[in-house]
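Engineer: Sequence first, predicted model second:
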Number of protein chains: 2
Amino acid sequence: MALIVMKFGGTSMAGIERIRGVAARVKREIEAGNRVAVVVSAMAGETDRLVGFCREASPLADPAEYDVVVASGEQVTSGLLAIVLQSIGVPARSWLGWQLPVHTSDAHGKARIRDVGTDALLAAMNAGEVAVIPGFQGMAESGRVTTLGRGGSDTSAVAVAAALKADRCDIYTDVEGVFTTDPRIVPRARKLARITYEEMLELASVGAKVLQTRSVELAMKEKVRVQVLSSFTDAPGTLVVDEDEIVEQELIAGVAYDRNEAKVTIRGVPDKPGVVAAIFGPLADAGINVDMIVQNVANDGTTDVTFTVPRTELIRARSVLEANSATIGYAQLLTDDSVVKVSVVGVGMKSHAGVAVTMFRALADRGINVQAITTSEIKISVLIAEEYLELAVRVLHTAYGLDAAA
Amino acid sequence: MALIVMKFGGTSMAGIERIRGVAARVKREIEAGNRVAVVVSAMAGETDRLVGFCREASPLADPAEYDVVVASGEQVTSGLLAIVLQSIGVPARSWLGWQLPVHTSDAHGKARIRDVGTDALLAAMNAGEVAVIPGFQGMAESGRVTTLGRGGSDTSAVAVAAALKADRCDIYTDVEGVFTTDPRIVPRARKLARITYEEMLELASVGAKVLQTRSVELAMKEKVRVQVLSSFTDAPGTLVVDEDEIVEQELIAGVAYDRNEAKVTIRGVPDKPGVVAAIFGPLADAGINVDMIVQNVANDGTTDVTFTVPRTELIRARSVLEANSATIGYAQLLTDDSVVKVSVVGVGMKSHAGVAVTMFRALADRGINVQAITTSEIKISVLIAEEYLELAVRVLHTAYGLDAAA
């Protein structure tokens, strides 16, 4: 008899008919002899509606009261799912964040889960009752309602699974799993049967937005076996697991991309100690993340520095740099917001040389110029002109042998 | 420095603009040097939306889960009002039912308040913070969310006022106060400056739906001074108080009516002991309230029994009586759903003879036939044909000198 946590997103909970579909899936797990806790999101659109109220009430809404307002969406769906489960003969009850309780930090609007009370929960589940838990919400030490930030229900599910020592945490969503790349760009993209936490993190942070990053980090830390699968089909999903569980390791798990990139080039910077701090210090102070950095040294004692920032932050980054032009002492400031980052990710590359060579050769063969490079243990990213995005992703997908059989 | 509880209904909380209006009223009380707790309803229409979800989920929705769902409406408005208050410089925070806590019975969907925790609340209010409390919700001993039933926010406000020993409980609504009768029928109806709890109860139960009955009962028991006034004007409202507080007692406070009445006449019932039980026993078992009862004894050893039931229950009452016709042994069963009850209410009538005479004479003068009568210490009600409703109300309003100066 396994203990399973099932998590359903907003699309799966959007209206009573869909909630009936969710209940039917839960019932199947119960009939298979499993103990089940279900973590639910608010109905699709509901959190936006509530956030809209808060913003209209005040652009600087008190985060503690914001949490009181927005946490209500998951409260509603958890009660409704319990009602629907009961109506099909499955004993169920809701457990609100403060009832379990889900203890969190007091960082309202972006709280972190500290621990999840499980005594009452386990007693109820062992007695055959499905536990329905609103995601996204918790309680601070002060006794006030907190929320975990957008997408936090994934993290709630993993935290509940960790606390319950669940055999599996199934995240039901509107995609069928994790693919080798975006199927809209590469029709022959394949769904991965398994992926490691590390790969999932890299794929998520570069654009494959299937699971919230924090939930994957937590799953990795707590060794929670996560399955991503669709609410709307019966196809098997993708299992996100420890590296040890993956027997036949592929070299590359997938190809990801990120359009939210802009390039900044600072020309004619004095090539002396402290200049890098003069550039990146003010950007950090302004809360702007800097990603890829390239520095070329010229012969005349000056240097060019190129880096990327999120495209949505480019205007702010530019004005920060202009305000600090005297301190930095550069000749010219250039920006380009028509660049994208393309990455290949795979734990297999740790033990294989030549992964980068394959990448650069494949891109060069098509005349795609690489403007910057970053690497990690399991990822290589390149910055290229946006117009080559689809071509680059397809070329790399083929080059690493990821295409599905035709 | 007075301590005031202010309660705002769904119409007053319908959208952020209206909530700003509420906040402005609260700010005025604070600026006048008062300590303030505010009890709020859900936005108009929101509770219906949530109840609709529950019904769609299951016609037999678990009341405990129903409460989890519907209590969310007041949670949202309490957070939003706290945000708006802060935005205009008034320190405020929300206190949910489980946070105070508002302890209730465990009768989900129609729970009764047992006590309200005030320690933390008073500390915050004494420190100059407005306490915003969602009405309608509480917590059972089991730790689960409860609700008080429709209109329960009035009761929440009175219970909070009683627990805080408030100087006044101001109930803001969409009418300006309690009138001598329905102004749609009698344009010269007057707003009452003061009314006793007892009169308010009689007026509420016969149709002047300004305050929820339970809230008035609680106010009477706990001696909470309640003021009913409009959210949308600055006119003074009606103070609902103890009889002692009303110096110059009017004979009659008002004229009320109730259209939800139907008449049942059972002809040719054997005039013997036990027959009344044979009639009303089965109706009571079916949960049907019987109101006015008249019995005429005939000469032939039989009797006619006439009584009223809520019009919405007439069909059910009829089938109950038909199912029991053998036990009762009647000759004929007649029903009439075109009757109404008109009542005059006033604590002054206790000490004045002739109130009933004035009533019957005024009605007789206009040829209005009285089909049944009930009286209490402070109320006389008559059953008449519905077509005479407006005429009867106007005639009585004039007869007791209630018309405003032209």
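Structural biologist: Happy to help now that I have it.
Engineer: Please tell me how far residue A:344 sits from chain B.
Structural biologist: 45 Å (CB to the nearest CB, to the nearest Å). To be clear about C-beta, it is placed using only N, CA and C from the backbone, and glycine gets the same treatment.
Engineer: Check residue A:73 too.
Structural biologist: 8 Å.
Engineer: So what does that residue have for phi and psi?
Structural biologist: Per-residue torsions, residue A:73: phi -60, psi -40 (degrees, to the nearest 10).
Engineer: Poorly predicted segments of chain A, please.
Structural biologist: Along chain A, the parts satisfying pLDDT under 70 run over A:205-208, A:247-249, A:298.
Engineer: What strands line up against the lengthiest strand in it, and which way round?
Structural biologist: The longest strand of chain A (DSSP state E) is strand A:254-270. For strand A:254-270, the paired strands and their directions (DSSP bridges) are strand A:302-309 (antiparallel), strand A:332-345 (antiparallel).
Engineer: Just the buried positions in the last one, please.
Structural biologist: Right, strand A:332-345. Neighbour counts over strand A:332-345 (16 or more other CB atoms under 10 Å in any protein chain shown) mark A:333, A:336, A:337, A:339, A:340, A:341, A:342, A:343, A:344, A:345 as buried.
Engineer: CSV for those residues, including distance to residue A:189?
Structural biologist: Putting those into CSV (distance: CB to CB, whole Å) gives the following:
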residue, distance to residue A:189
A:333, 39
A:336, 28
A:337, 27
A:339, 23
A:340, 18
A:341, 18
A:342, 14
A:343, 15
A:344, 14
A:345, 14
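Engineer: Return the closest of these with respect to residue A:30.
Structural biologist: Residue A:30 has its nearest neighbour among the buried residues of strand A:332-345 in residue A:345, at 36.7 Å by CB to CB.
Engineer: OK, contacts around the closest one?
Structural biologist: Residues counted as contacts of residue A:345 (CB atoms under 8 Å, 6 or more residues apart in numbering or on different chains) are A:199, A:202, A:203, A:206, A:252, A:253, A:254, A:255, A:256, A:378, A:379.
Engineer: Could you report the distance from it to residue A:359?
Structural biologist: Note on residue A:345: its distance to residue A:359, by CB to CB, to the nearest Å, is 12 Å.
Engineer: Find the residues that touch each one of the two.
Structural biologist: With CB under 8 Å, 6+ apart, residue A:345 and residue A:359 have no common neighbours.
Engineer: Looking at the stretch 201-350 of chain A, which residue is nearest chain B?
Structural biologist: In the stretch 201-350 of chain A, the residue that lies nearest chain B is residue A:231 (17.6 Å; CB to the nearest CB).
Engineer: Tell me who's in contact with that residue.
Structural biologist: With CB under 8 Å, 6+ apart, residue A:231 has these contacts: A:8, A:9, A:11, A:12, A:18, A:21, A:22, A:25, A:172, A:173, A:174.
Engineer: Between the strands paired with strand A:254-270, which one is closest to residue A:119.
Structural biologist: Residue A:119 lies closest to strand A:332-345 among those, at 40.1 Å (CB to CB).
Engineer: how about the strands in the stretch 201-350 of chain A?
Structural biologist: Using DSSP state E, counting those that start in this stretch, the strands assigned to the stretch 201-350 of chain A run over residues A:226-230, A:238-241, A:254-270, A:293-297, A:302-309, A:332-345.
Engineer: scratch that, the stretch 1-150 of chain A is what I was asking about
Structural biologist: Counting by DSSP E, counting those that start in this stretch, the strands of the stretch 1-150 of chain A are A:3-8, A:35-40, A:92-94, A:102-104, A:113-116, A:130-134, A:137-139, A:145-147.
Engineer: Deepest in the core, which of those is it.
Structural biologist: strand A:145-147 (a mean of 31; mean count of other CB atoms under 10 Å in any protein chain shown).
Engineer: Show me what the helix or strand that that strand is followed by is packed up against.
Structural biologist: The element immediately downstream of strand A:145-147 (helix or strand, assigned by DSSP states H and E) is helix A:152-164. Counting contacts by 3 or more CB pairs under 8 Å, 6 or more residues apart in numbering or on different chains; DSSP states H and E, helix A:152-164 packs against strand A:3-8, strand A:35-40, strand A:113-116, helix A:119-126, strand A:130-134, strand A:168-173, helix A:213-222.
Engineer: Columns distance to chain B on top of the ones you listed, output as CSV?
Structural biologist: As requested, the helices and strands packed on helix A:152-164 are exported to CSV (distance: least, CB to the nearest CB, whole Å):
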stretch, distance to chain B
strand A:3-8, 15
strand A:35-40, 12
strand A:113-116, 16
helix A:119-126, 9
strand A:130-134, 9
strand A:168-173, 19
helix A:213-222, 24
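Engineer: Can you say which of these is nearest to residue B:126?
Structural biologist: strand A:113-116 (31.5 Å).
Engineer: Going by contacts, tell me the helices and strands next to the closest one.
Structural biologist: strand A:102-104, helix A:152-164.
Engineer: Comparing those, which comes out most buried?
Structural biologist: When you average the neighbours per residue for each of the helices and strands packed on strand A:113-116 (mean count of other CB under 10 Å), helix A:152-164 leads with a mean of 27.
Engineer: tell me how far it is from the chain's mean position?
Structural biologist: Relative to the chain's own centre, helix A:152-164 is displaced by 14 Å; criterion: CA atoms, centre = their mean, to the nearest Å.
Engineer: So for residue B:327, which of the strands of the stretch 1-150 of chain A sits nearest?
Structural biologist: The closest of the strands of the stretch 1-150 of chain A to residue B:327 is strand A:92-94. By CB to CB, the value is 44.1 Å.
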